[in-house]
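> build the 3D model from these lines:
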Amino acid sequence: MEVGSGSAEMEHEADGAGEGEAGGAIRPLGGTLGGVGGLRAMGQARRQPMAGGLKGDPEGLGEAGWAWLRGLSIDECAVSDYPPLMVPKRMRGLFTECAMVALRRMRVDTEDVDAYKLFFLLPCLILQPVQKGEKKGVAQVIKERCACFLRGDWEELHAEAPGDRRATAEADEERVLRDAVRLVKAGQLGKAAKRLELAKLAPATETLQKLERLHPAGTGRRREVGEDRRRELQAQALELDEGVFDVDAAREEAVDGGMGGFFVGRWFSVVKWDEVRKWKGCKIVSWSDNESARLVTENLWGKATFIPLLKEILLLTPKHDLRIVTRRISSKANGLADALSRSEMGRFFELLREWSRRDSPRDLDDWMVNEWLWEKARVFGPFAVDACCDKMGANSRCFCWWSIVDSCLSKQWRGLNVYCNPPFSLLFEILTHFLSKKRVAPRTTSAVFVLPFWPTERFWLEIVVPAIDCGLFQVVEFVPEGSEVFTSPNGVRGRRKDCGPARWPVVLVRVCRAYSLVESQVAGSAEGG
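Got it, this is the predicted structure:
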């Protein structure tokens, strides 16, 4: 703390303040003690006349208060990490008089530590937030606090002040819990999920444990199932995955013969689901040929019959750090899931063998970057969307993605920060489309592109080179030839393999939000070409 830097100015300004001008006495301290809460409110007191009636003698009042102040450390006095009240205009003179109690002591002795302690405590003592349920107005509350301050009852004011807001995380969590409980009881599960997500709730916290108590007991028609049928169903589950044991993985189904027929009417909780541990931090894409079921899962809202199951989904997602996304699929393409849900295991394994064939056609444009290069790209995030993915989103790096089903060439890039690893066959078209949107909204549109270094190709000569020259494109990473850059599908659906050393250099290009006339001309020429 630099005490002497403003002492001469302080003495001069304090003399002026004694004649009714308050602003000058605060300005030097604002520079010397920058960062202390309440200076903004004190700055509002500049050039306001003193209030009469509660001045007193600052050198004679509050001796008991000064004695109490000596028992506090500087660190204890400097804690004021909460939003202070704004001082009403008619109270600014009175507030300034309170500030002058410390300032006059500083004028006499610039090394008076107790005076600086009092100045630090000023926002905590007078500008603390008004408690809920207080019937008096802000002006009246501040007036009473100022009167108490000028009497020297600082210990009393300090006892009423709230503690450091940095120590109120538990109270904040309790408030989040109350909000979530209220919304869940009202059946507004979508809003409850958003409330928990905005609170940055960690998995398996006390909040989730308390929310689980809201689960109603399972109700509905129960169906007696013989022991032979139980063993048959369990054997089929183990045949699918040896790591699965005691799986209660279904609730209801349209037919009586499948897993749904076995578990119908039973409230279940997935506590031994072996795979869920492997999905932590992942996005789970659920494809459904039932549009009603898809919308219910996506919105966490539906008929009363589905509310208990939706509550379970609501709890599972933050507890296991999952994201669930629903997508529409045609009934014809839904054979695998349909066979499994109906417990038609012979048909299921036949379809599975066909689906997993290694000679299945491979998407030649599916080049996903390795994790090390993605880490360099994500520095410029968060990204709103991954612009070029397969139709299942299996190679998506973002929560939202575009694919051949909903091409990025038909999407609105304007106002978004987009990650794009484009197909090599569409490089020119995608860059041109992006620049046309960038031209319309230059300051809100940005992107990161993964591009091959092909200096003789049209997209490089007509778009990339001019954009780099004018500063629109910035090369943030140059990966030399022979580096391990890409992965591709390995023939087993859902899995990938390294493609080996790249046969050409690769660049990571950042298109920032800044824009200029020269860049506008580049975007215009690319669009025209």
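> tell me where this protein has strands.
All strands of the chain, identified by DSSP state E, fall at 283-288, 323-328, 368-369, 385-389, 401-403, 417-420, 446-452, 473-479, 486-489, 496-498, 506-511.
> out of the ones you listed, which gets nearest to Leu69?
When the strands of the chain are ranked by distance to Leu69, counting by CB to CB, first place goes to strand 417-420 at 51.1 Å. Using the backbone N, CA and C atoms, a C-beta is placed for each residue, glycine as well.
> and the gap between Val369 and Cys512?
In this structure, Val369 and Cys512 are 20 Å apart, going by CB to CB, to the nearest Å.
> so for those two, which sits in the more crowded spot?
Neighbour totals were compared for Val369 and Cys512, and Val369 leads with 21 against 16 (other CB atoms under 10 Å).
> quick one: contacts for the more buried one?
By CB atoms under 8 Å, 6 or more residues apart in numbering, the residues touching Val369 are 377, 421, 450, 485-487.
> let's go with 7 Å and repeat that
Residues touching Val369, when contacts are defined by CB atoms under 7 Å, 6 or more residues apart in numbering, comprise 421, 450, 485-486.
> so in terms of bridging, what pairs with it?
When bridges are taken as DSSP bridges, the partners of Val369 come out as Phe486.
> what's the pLDDT at it?
We note a pLDDT of 82 for Val369 in this prediction.
> and it, how far from Arg323?
Looking at Val369 against Arg323, where the rule is CB to CB, the gap reads 21 Å.
> outline the domain layout of the protein.
The domain map for the chain lists 4-166, 169-205, 215-355, 368-528, with the assignment taken from automatic domain parsing.
> quick one on the thing from earlier: widest-spaced pair of the contacts of Val369?
The largest separation in those, counting by CB to CB, is between Asn421 and Val485 at 10.3 Å.
> and the strands of the chain, which one's lowest on average pLDDT?
strand 496-498 (a mean of 72).
> quick one, phi psi at Phe453?
Dihedral angles of Phe453 (phi, psi; degrees, to the nearest 10) stand at phi -80, psi 90.
> so who does Gly281 touch?
When contacts are counted by CB under 7 Å, 6+ apart, Gly281 touches Asp321.
> burial check on the spatially closest residue to Met91 that is not a sequence neighbour, number of neighbours?
Counting by CB to CB, 6 or more residues apart in numbering, the nearest residue to Met91 once its immediate chain neighbours are dropped is Ile142, at 5.0 Å. A count of neighbours around Ile142, defined by other CB under 10 Å, yields 24.
> mind listing what Leu72 touches?
For Leu72, the residues meeting the contact criterion (CB under 7 Å, 6+ apart) are Lys117.
> one more time with 6 Å, if that's ok
Neighbouring residues of Leu72 by CB atoms under 6 Å, 6 or more residues apart in numbering: there are none.
> how about it, phi and psi?
Reported as degrees, to the nearest 10, the phi and psi values for Leu72 are phi -100, psi 150.
> so what's Trp460 up against?
Trp454.
> ugh, typo on my part, it should be Lys376
Taking CB under 6 Å, 6+ apart as the definition, contacts of Lys376 comprise Glu477.
> state the distance from it to Arg510.
As it turns out, when the distance is counted by CB to CB, Lys376 lies 10 Å from Arg510.
> kindly report the same for Arg178.
Separation of Arg178 from Arg510 (CB to CB): 43 Å.
> who has more neighbours, those two?
A direct count of neighbours by other CB under 10 Å for Arg178 and Arg510 places Arg510 higher, at 16 against 11.
> the more buried one reaches Val476, doesn't it?
Yes: counting by CB atoms under 6 Å, a contact exists between Arg510 and Val476, whose distance comes to 4.8 Å.
> rewinding a little: may I see the strands of the chain arranged in a markdown table, with distance to Val440 as well?
Output for the strands of the chain, formatted as a markdown table (distance: least, CB to CB, whole Å):
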| stretch | distance to Val440 |
| --- | --- |
| strand 283-288 | 30 |
| strand 323-328 | 29 |
| strand 368-369 | 29 |
| strand 385-389 | 17 |
| strand 401-403 | 19 |
| strand 417-420 | 15 |
| strand 446-452 | 14 |
| strand 473-479 | 18 |
| strand 486-489 | 32 |
| strand 496-498 | 36 |
| strand 506-511 | 14 |
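> separation between the nearest residue to Ile324 once chain neighbours are set aside and Ala186?
Excluding its sequence neighbours, the residue lying closest to Ile324 (CB to CB, 6+ apart) is Ile284, at 5.1 Å. To Ala186, Ile284 is 27 Å away according to CB to CB.
> out of those two, which sits in the more crowded spot?
Taking neighbours as other CB under 10 Å, Ile284 and Ala186 compare with Ile284 leading, 14 against 10.
> ok, now how distant is Ala159 from Leu461?
Computed as CB to CB, the Ala159 to Leu461 distance reads 74 Å.
> cool, Gly500 as well?
When distance is defined by CB to CB, Gly500 is 28 Å away from Leu461.
> just Arg175 next, same as before
Computed with CB to CB, the distance linking Arg175 and Leu461 is 58 Å.
> likewise for Leu352?
48 Å.
> so between these two, which is more surrounded?
Remark: of Leu352 and Leu461, Leu352 carries more neighbours, 16 against 12, as counted by other CB under 10 Å.
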